[in-house]
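J.: structure here, sequence nowhere to be found:
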């Protein structure tokens, strides 16, 4: 029987959990599919200063540009704004006894991190994103 490819419906990527497990590293799977968080200060892109575009590690959706990245000191890559607003979905997250805003990839529904209202101008936002959810496409 041939391998079933991912379905793309209304610009959404839909894969089985088996497909996700096969295609992602264990850390990427834990973050993107199970809403885990990598340890602070451990991610590949936290201190990366290369110019480029950050895409979703699960589906390649364009998420953030390097010129929106800043060092917030929080232990994860931080951005002031998404590259394309419609490429990010937000949901209320009440896990772990906190009220936060979860950030998801709009194309594959992968968990990226959270957004907080304590960032620098011009947006005043801090998108705190797991490195494991991202891939940098250098310019």
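T.: That came in fine, so what should we check first? Quantities reported herein were computed from a predicted structural model and do not represent experimental measurements.
J.: correct me if wrong: residue 62 contacts residue 85.
T.: No. Residue 62 sits out of contact with residue 85 when judged by CB atoms under 8 Å, with a separation of 11.4 Å. Placement of C-beta: from N, CA and C, glycine included.
J.: more neighbours, the two?
T.: Set residue 62 next to residue 85 and count neighbours by other CB atoms under 10 Å: residue 62 wins out with 15 against 8.
J.: separation between the more buried one and residue 71?
T.: 22 Å (CB to CB, to the nearest Å).
J.: show me the strands in this protein, by range?
T.: With DSSP state E as the criterion, the chain has strands at 7-9, 12-14, 52-56, 62-65, 69-70, 78-79, 88-93, 100-105, 111-116, 126-129, 134-138.
J.: kindly reformat the ones you listed as a markdown table containing distance to residue 22 and mean pLDDT.
T.: Shown next, in a markdown table, are the strands of the chain (distance: least, CB to CB, whole Å; pLDDT from 0 to 100):
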| stretch | distance to residue 22 | mean pLDDT |
| --- | --- | --- |
| strand 7-9 | 16 | 55 |
| strand 12-14 | 14 | 92 |
| strand 52-56 | 17 | 98 |
| strand 62-65 | 23 | 98 |
| strand 69-70 | 30 | 96 |
| strand 78-79 | 29 | 98 |
| strand 88-93 | 25 | 96 |
| strand 100-105 | 19 | 97 |
| strand 111-116 | 19 | 97 |
| strand 126-129 | 24 | 98 |
| strand 134-138 | 17 | 97 |
